[in-house]
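1. This is a predicted model, with the sequence first.
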Amino acid sequence: MKKFTFLFAALVAVVFSANAQLNNPKDADGYFIVKWDCATNAFASANDWEADETFTLAIDVAGTPLATWLAGTPANQGATRSIAFNVWTGFGDTHSDARRLKQISGTVYGATFNFVQVGAASFDVAAATIADAQLSIMGQVFGFEYTADNPGAAWWQEAIAGSDGGSIVSADGVIAKSAPYTGTKTSEEEFINSDYPGLFDVAYGTVPGYTVPCAMTIDAINEIPADANIVDTQIFNLQGMRLNAEPVGVPFIRVDVLDNGKKIANTIIKK
C-alpha cells in the first residue's frame with residue numbers, strides 16, 4: 001500500500017495538562033473503557049473487544065483543557081479542530097498514520113480500528129492472538145487542525161500526556177486493556193480508511209484496519225448482483241454514523257447486506 005508523508009504547516013509547543021483526566025468511564029481494574037457502542041451511541045460497559053476484532057475506539061476529553069481548545073477559533077483560516085491519539089500497544093507499534101480521530105458527539109472523538117490489521121511491521125500478531133493475551137493501549141491525546149487540503153494544518157496543540165507521565169494513565173502506564181483473547185470474535189474482513197470517505201482518506205492514502213467511527217466493513221462497492229437477495233439495508237452519513245432514514249439532498253452511504261453475508265456499499269444523493 002502506498003504511504004504518504006506530510007509536512008505540517010505549523011508545529012507548536014506541547015502544553016501538557018498534568019491533572020487532566022479523560023472523561024471515559026473506567027472498568028473494575030481502573031483502566032479506561034475505550035470501546036464505543038455504536039448502537040446506543042454511548043460507551044460500552046467494558047473493553048470486551050479482542051486484538052483482531054473490529055470496533056470503534058473513542059476518547060472523551062470533557063472537562064480537560066483540550067475541550068476548551070476544541071471550542072476555540074482555529075488558528076488557520078477555514079480549518080477544523082479535532083483530536084489525535086498517538087497510540088502504541090503492548091505488542092508493538094501500530095501504523096503511524098492511524099491516529100487522527102473524528103468527532104462522534106460533543107467532546108467524544110473516535111475511529112474504527114482492528115489492531116491486528118492496523119499493526120505495523122513491528123506489531124507481534126502471533127503474541128497478540130494467543131489464548132488469554134490482552135492487548136494494552138498506551139499513548140498521548142492531543143489537538144490538531146485540518147483543512148480541505150492539509151490534514152495537519154496545526155499539530156500538537158493542547159495535549160494530555162500518555163504513558164510518559166500524564167495522569168490519564170493507570171499506575172502501570174496503560175490507558176486501556178482488551179479482553180483476554182479467545183479467537184471467537186475475529187473480524188476477518190479487511191478494510192482500509194478509504195472504504196468509507198471522511199477520515200482524511202484522500203490525504204492519507206490507504207491505511208489498513210482504520211476508518212471513520214461506527215463504520216461497517218464492506219466486501220464490494222457499487223455493484224449488486226442481479227440475483228442478489230438483500231436481507232438488510234443500513235444507512236450512514238459520510239462520517240460513518242448510522243442514520244435511521246435516507247436523508248434528502250445530501251450524500252449518504254447505503255450498505256445492502258446480502259443473504260451470503262456480503263455487504264455492498266453505494267454513495268447516494270436522494271433528490
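-> Sure thing, it's come through. Numbers count the residues shown, from 1 in each chain.
2. Name the residues of stretch 127-135 that are buried.
-> 128-129, 133-135 (16 or more other CB atoms under 10 Å). Glycine gets a C-beta too; all of them are placed from N, C-alpha and C.
3. Which two among those are spaced furthest apart?
-> 129 and 134 (11.5 Å; CB to CB).
4. top strand in the protein by residue count?
-> strand 136-147 (DSSP state E).
5. Show me what that strand pairs with in its sheet, parallel or antiparallel.
-> strand 80-89 (antiparallel), strand 150-154 (antiparallel), strand 158-160 (antiparallel), strand 176-177 (antiparallel) (DSSP bridges).
6. Let me have those strands in TSV, adding mean pLDDT and distance to residue 26 as columns.
-> Compiled in TSV, these are given as follows (pLDDT from 0 to 100; distance: least, CB to CB, whole Å):
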stretch	mean pLDDT	distance to residue 26
strand 80-89	93	17
strand 150-154	89	31
strand 158-160	84	16
strand 176-177	94	9
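7. among the ones you listed, which is nearest residue 122?
-> Using CB to CB, the strands paired with strand 136-147 put strand 80-89 closest to residue 122, at 9.7 Å.
8. sorry, back to before: as CSV, could you dump the C-alpha coordinates of the longest strand of the chain?
-> Below are the C-alpha coordinates for strand 136-147, written out as CSV (Å, rounded to 0.1, in the frame of the first residue of the first chain):
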residue,chain,number,x,y,z
SER,A,136,-2.6,-3.0,26.2
ILE,A,137,-3.1,0.6,24.8
MET,A,138,-0.8,3.4,25.7
GLY,A,139,-0.3,6.9,24.1
GLN,A,140,-1.0,10.6,24.1
VAL,A,141,-4.1,12.6,23.2
PHE,A,142,-3.6,16.0,21.6
GLY,A,143,-5.3,18.6,19.4
PHE,A,144,-4.7,19.4,15.8
GLU,A,145,-6.3,21.4,13.0
TYR,A,146,-7.0,20.3,9.4
THR,A,147,-8.2,22.0,6.2
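9. Which pLDDT does the model give residue 168?
-> On pLDDT, residue 168 comes in at 58.
10. Now residue 71: phi and psi?
-> Backbone torsions for residue 71, taken as degrees, to the nearest 10, come to phi -80, psi -10.
11. looking at this structure, which residue lies furthest from center?
-> residue 227 (35.1 Å; CA atoms, centre = their mean).
12. where does the stretch 51-200 of the chain dip in pLDDT?
-> For the stretch 51-200 of the chain, applying pLDDT under 70 flags the ranges 161-171.
13. Please, where are all the helices along it?
-> For the stretch 51-200 of the chain, the helices defined by DSSP state H, counting those that start in this stretch occupy 65-70, 115-118, 125-128.
14. So which of these is nearest residue 95?
-> For the helices of the stretch 51-200 of the chain, proximity to residue 95 was assessed by CB to CB; helix 115-118 is nearest, at 5.0 Å.
15. Show me the contact partners of stretch 236-255.
-> With contacts defined as CB atoms under 8 Å, 6 or more residues apart in numbering, stretch 236-255 is touched by 38, 102, 104, 112, 196-199, 211-216, 218, 233-235, 263-271.
16. How is the chain divided into domains?
-> 15-177, 218-271 (automatic domain parsing).
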